[in-house]
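Asker: no FASTA, just this:
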């Protein structure tokens, strides 16, 4: 078995619906352009407020993928 090496990038996902949708969208969009996405870590959660109400959620992720 060979050792694996990974690269980590930071991505911010957004959603008007939920934190979960923001995470899912960020991971799926990243997987469209980067091969071998393996894991993610939520490093920050925040949101944007308009007129006293939550307008959208913002989630910062670290996403790891295998180097070829």
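Answerer: Structure's in. What do you need? Fair warning: this is a prediction, and the values are worked out from it, not measured in the lab.

Asker: Show me how far stretch 14-31 is from its chain's centre.
Answerer: When C-alpha coordinates are averaged (Cα atoms, centre = their mean, to the nearest Å), stretch 14-31 and its chain have centres 7 Å apart.

Asker: And for it, what's in contact with it?
Answerer: With Cβ atoms under 8 Å, 6 or more residues apart in numbering as the test, stretch 14-31 has contacts from 9, 11-13, 37, 40, 42, 45, 55-59, 61, 63. (Glycine included, C-beta is placed from N, CA and C.)

Asker: From those residues, pick the one nearest residue 3.
Answerer: Within these, the smallest distance to residue 3 is 18.9 Å, found for residue 37 (Cβ to Cβ).

Asker: Just the pLDDT for that closest one.
Answerer: Looking at residue 37, its pLDDT reads 97.

Asker: what pLDDT does residue 1 get?
Answerer: 53.

Asker: from the contacts of stretch 14-31, which two are the most distant?
Answerer: Greatest spatial distance among the contacts of stretch 14-31 (Cβ to Cβ): 37 and 55, at 28.4 Å.

Asker: more crowded one of those two?
Answerer: Neighbours of residue 37 and residue 55, each counted by other Cβ atoms under 10 Å, are more numerous for residue 37; the result is 17 against 11.

Asker: Please tell me I have it right and that one contacts residue 11.
Answerer: No. At 10.4 Å, residue 37 does not count as touching residue 11 under the criterion of Cβ atoms under 8 Å.

Asker: any low-confidence regions in this structure?
Answerer: Counting by pLDDT under 70, the ranges of the chain that qualify are 1-2.

Asker: quick one: the strands in it?
Answerer: Remark: strands assigned in the chain by DSSP state E are 6-15, 37-50, 53-66.

Asker: separation between residue 6 and residue 68?
Answerer: 11 Å (Cβ to Cβ, to the nearest Å).

Asker: Need the overlap of contacts for residue 37 and residue 11.
Answerer: 30, 63.
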